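J.: Next one to model:
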Amino acid sequence: MSHHPEHAAEHTPEAIRHRLSSGVSQGHLKDSVYGAIDGAVTTFAVVSSVAGAGLPSGIVIIMGLANLLADGFSMASGNFLGTRAENQAADKAKREEELEIENHPEGEREEVRQIFARKGFEGETLDKVVEVITADKSRWVKIMLQEEHGIGPDRPRALRAAIATFIAFILIGAIPLVAYLIELIRPGLIENPFAVACGLTAISFAIIGSLKARVVDQSQIKGILETLAVGALASGLAYGIGYLLRPFAEGL
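T.: Residues are numbered from 1 along each chain as shown. Modelled structure (predicted):
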């Protein structure tokens, strides 16, 4: 059986103590990945629909930028409000547990006993566990929140989550528009902006899929193909709708 040196280093007493004292990581990778995927999908969907309708490149830029800013802000706002609501619900649960411990200590102590009895503790060991936990109100509340409500001690920060979502959305969502912006500045430099936009967007999807796969320990190929499939489906539907509406666009 092989042992990886880096794994051994992570399990020294000092490393474990540092990791536990640091709490749960408050990184916002999930917010960034979702924002990046949504930004690329929605912006490229706009580009595809306009291209399918045969409208001028200027319309692509106008609609793409409008969508980029409006949808990016909307997604970030939704993430902010959702995360904030979760934190407020956690705060409410904490207040309720504190009141229950103050007003019904014996009932709450019995809950602790049954929780840990289900985990396999019994006899004097169970009595000692209940005694230690209920001797400190702060620790008691944390245990009840974790075991009864599934609420951990660390909470995501709503504003940081929203900012991470917005930045990822804007950065990745702008990629499908790059070719059209270059064409606007240097007309004739890019013969087929839509084809270039397709290539650049596919690359961005591949990068996002690879990043997601690496973090969740998924197959790189599977992660890339999943993300590409989502983008291809969304853009294909958008292009098809734009193509079907082309007669109406030509009449404008």
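J.: what's the offset of the helix or strand where Val196 lies from the middle of its chain?
T.: Using DSSP states H and E, Val196 falls within helix 193-215. In terms of Cα atoms, centre = their mean, to the nearest Å, the centre of helix 193-215 is set 18 Å apart from its chain centre.
J.: which helices and strands does it pack with?
T.: helix 29-52, helix 178-185, helix 220-244 (3 or more Cβ pairs under 8 Å, 6 or more residues apart in numbering; DSSP states H and E). In short, each C-beta sits where N, CA and C put it, glycine included.
J.: In CSV, list these along with distance to Ala213, mean neighbour count and mean pLDDT.
T.: Converted to CSV, the helices and strands packed on helix 193-215 look like this (distance: least, Cβ to Cβ, whole Å; neighbours: other Cβ atoms under 10 Å; pLDDT from 0 to 100):
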stretch, distance to Ala213, mean neighbour count, mean pLDDT
helix 29-52, 11, 24, 83
helix 178-185, 25, 17, 90
helix 220-244, 3, 17, 85
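J.: Tell me how many other residues crowd Leu99.
T.: 10 (other Cβ atoms under 10 Å).
J.: repeat for Gly82
T.: Gly82: 13 neighbours (other Cβ under 10 Å).
J.: how much space is there between it and Thr165?
T.: 11 Å (Cβ to Cβ, to the nearest Å).
J.: who touches stretch 61-70?
T.: 39, 42-43, 46-47, 50, 169-170, 173-174, 176-177, 180-181, 184 (Cβ atoms under 8 Å, 6 or more residues apart in numbering).
J.: if we go to 10 Å?
T.: 39, 42-47, 49-50, 55-56, 74, 166, 169-170, 173-174, 176-177, 180-181, 183-184, 193, 197 (Cβ atoms under 10 Å, 6 or more residues apart in numbering).
J.: Please point out which parts of that stretch sit buried.
T.: By neighbour count on 16 or more other Cβ atoms under 10 Å, the buried set for stretch 61-70 is Ile61, Met63, Gly64, Leu65, Asn67, Leu68.
J.: Please tabulate those in a markdown table, including the columns distance to Gly236 and secondary structure.
T.: Listed next are these as a markdown table, based on distance: Cβ to Cβ, whole Å; DSSP: H, G, I helix; E, B strand; the rest coil:
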| residue | distance to Gly236 | secondary structure |
| --- | --- | --- |
| Ile61 | 22 | helix |
| Met63 | 18 | helix |
| Gly64 | 18 | helix |
| Leu65 | 23 | helix |
| Asn67 | 18 | helix |
| Leu68 | 20 | helix |
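J.: Export those residues as a markdown table, with columns for pLDDT and distance to Arg246.
T.: Shown next, in a markdown table, are the buried residues of stretch 61-70 (pLDDT from 0 to 100; distance: Cβ to Cβ, whole Å):
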| residue | pLDDT | distance to Arg246 |
| --- | --- | --- |
| Ile61 | 90 | 19 |
| Met63 | 89 | 15 |
| Gly64 | 89 | 18 |
| Leu65 | 91 | 22 |
| Asn67 | 89 | 20 |
| Leu68 | 90 | 24 |
